[in-house]
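**Student:** Any chance you can model this:
(one chain, ligands or ions: 1)
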Amino acid sequence: MYHLRDEFPIVREYVYLNHAAISPTPTFALFEAFRYLYEVSQHGSLHVNKVEEGDFANLRKKMATFINAEPGEVSFVPNTSFGANMVIHGLNLGKGDVVLSDGLEFPSTVYPLYKLAQRGVNVKLVRASPEELEDRLVEEIGEGVKLVSVSHVSFNTGVTLNAKRIAEACRKVGALLLLDVIQSAGALKLDVKEMGADFVVAGGYKWMMSPQGSGFLYVRKGLVPDPPLYGWKSSSTYMEFNAEKFSIEEGPRRFEIGTIDVAANLAMASVAERLTPLRDEVERRVRELSGHAIDVAEDYGLEVITPKDRRAGIVVVKVDQPRKVAEELLARRIVVSPRGEGIRISTHFYNTEDEVDKALVAISQVRGRAR
Ligand SMILES: Cc1ncc(COP(=O)(O)O)c(C=O)c1O
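**Tutor:** Residues are numbered from 1 along each chain as shown. Next comes the predicted model:
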């Protein structure tokens, strides 16, 4: 797996520990996107049609294999927010129904719930510490709850929820589970069947290391047969270009509704394909590096917000003035993000312990000055 570090020329310029924000695209995936764009520049529609006819099914297959879904359950979406909206507004929820999320979520899977609130849906947000979040969510999944919309891995605390436990609690009361996996897909091994989530969604530009504009939505077979938005590709008859003829597409294209970002998704599918045989190794390495970051942070007397036993690839350490600290690190060519009360360090499998150490030495040096 270490040979893959050569695919990330960014390591020559930066200590890059910001995969929870945006990942550098590995060279092999960049070439996949570039090859497509180049062919379109040379052959226009001839190349686009060729890819649509042949490679599209292949793309779905690669993504589906990566998350253990059926190809017919995987759609390509431009970002997490779009996919989440397709699900949330596709469930025909109404007055008296309860939807559940939490107050520490990234807004993209919570704001769409506020739109439901306009129709009388009761939006409940659990407020809990990272350690208690999972238990509190499970406690709240009771009668009347129709949908639980949460992140698998939290963007601002790094806590990882046990998706299977939440899915089981949902099943008991007939609720559905929408899991935002943008902070786990590509870092942790995801098996949608094993997790039991009904819907899984992620943009590809974080741990999937793919261009912005790539993303995927898994919808368990049989759910949301009639999405809330229609476009020309929503009809099974779309190739007839007949505005008076419409029959809803039954396959995953029904969520795509129009033209997708083919280049970006070709890159994402190539990452999925390359990482599929390495999923266990990638997860082990991601957890090893985040564990190392926590240990070193604690050695320097830094307070770690991320619970060590529930970590994935994100580690948040508490500092005063996180923005200022992040700027000082950037001046040393170390890239991290200020988030909430701290600095978020997000290491992918190709990072090294040495890079993590450099970041934590720098944080421990500048945190005093940033007070
Ligand atoms: C948990 C989570 N969901 C969603 C997003 C981004 O959403 P989108 O892909 O719609 O831009 C982020 C970005 O930081 C995130 O951390």
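**Student:** CA-only coordinates of the helix or strand of the chain with the lowest mean pLDDT in PDB, if you can.
**Tutor:** Least confident helix or strand of the chain, by mean pLDDT, DSSP states H and E, is helix 45-67 with a mean of 88. What follows is helix 45-67, C-alpha atoms only, in PDB (Å, rounded to 0.1, in the frame of the first residue of the first chain):
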ATOM      1  CA  SER A  45     -20.200  13.600 -28.600                       C
ATOM      2  CA  LEU A  46     -18.700  10.500 -30.100                       C
ATOM      3  CA  HIS A  47     -16.700   9.900 -27.000                       C
ATOM      4  CA  VAL A  48     -19.400  10.900 -24.600                       C
ATOM      5  CA  ASN A  49     -21.800   8.500 -26.200                       C
ATOM      6  CA  LYS A  50     -19.200   5.700 -26.100                       C
ATOM      7  CA  VAL A  51     -18.700   6.200 -22.400                       C
ATOM      8  CA  GLU A  52     -22.400   6.400 -21.700                       C
ATOM      9  CA  GLU A  53     -23.100   3.200 -23.500                       C
ATOM     10  CA  GLY A  54     -20.200   1.200 -22.100                       C
ATOM     11  CA  ASP A  55     -18.500   2.500 -19.100                       C
ATOM     12  CA  PHE A  56     -21.500   3.900 -17.100                       C
ATOM     13  CA  ALA A  57     -22.500   0.400 -16.000                       C
ATOM     14  CA  ASN A  58     -18.900  -0.200 -15.100                       C
ATOM     15  CA  LEU A  59     -18.800   2.900 -12.900                       C
ATOM     16  CA  ARG A  60     -21.800   1.800 -10.900                       C
ATOM     17  CA  LYS A  61     -20.400  -1.700 -10.600                       C
ATOM     18  CA  LYS A  62     -17.100  -0.300  -9.200                       C
ATOM     19  CA  MET A  63     -18.800   1.900  -6.700                       C
ATOM     20  CA  ALA A  64     -21.300  -0.800  -5.700                       C
ATOM     21  CA  THR A  65     -18.500  -3.300  -5.100                       C
ATOM     22  CA  PHE A  66     -16.700  -0.800  -3.000                       C
ATOM     23  CA  ILE A  67     -19.600  -0.500  -0.500                       C
END
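**Student:** Flag every residue of the stretch 201-350 of the chain that's near the ligand.
**Tutor:** Gly203 (C-beta under 6 Å from any ligand atom). Where C-beta positions appear, they are placed from N, C-alpha and C, glycine not excepted.
**Student:** Mind jotting down where the strands sit in the stretch 201-350 of the chain?
**Tutor:** Secondary structure of the stretch 201-350 of the chain (DSSP state E, counting those that start in this stretch): strands at 215-219, 314-318, 334-335, 337-339, 342-346.
**Student:** what would the ones you listed look like in JSON lines with mean pLDDT?
**Tutor:** JSON lines is the format used below for the strands of the stretch 201-350 of the chain (pLDDT from 0 to 100):
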{"stretch": "strand 215-219", "mean pLDDT": "98"}
{"stretch": "strand 314-318", "mean pLDDT": "97"}
{"stretch": "strand 334-335", "mean pLDDT": "98"}
{"stretch": "strand 337-339", "mean pLDDT": "95"}
{"stretch": "strand 342-346", "mean pLDDT": "97"}
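**Student:** mind listing what's buried in the helix or strand hosting Arg35?
**Tutor:** Assigned by DSSP states H and E, Arg35 belongs to helix 27-43. For helix 27-43, the neighbour count (16 or more other C-beta atoms under 10 Å) marks 29-30, 32-33, 36, 39-40 as buried.
**Student:** What of stretch 163-174?
**Tutor:** Buried-residue list, stretch 163-174, by 16+ other C-beta under 10 Å: 163, 166-167, 169-170.
**Student:** in terms of contact count, name the helices or strands touching the strand ranked longest in the chain.
**Tutor:** Assignment by DSSP state E gives strand 145-151 as the longest strand of the chain. Counting contacts by 3 or more C-beta pairs under 8 Å, 6 or more residues apart in numbering; DSSP states H and E, strand 145-151 is packed against helix 80-88, strand 98-102, helix 163-173, strand 176-180.
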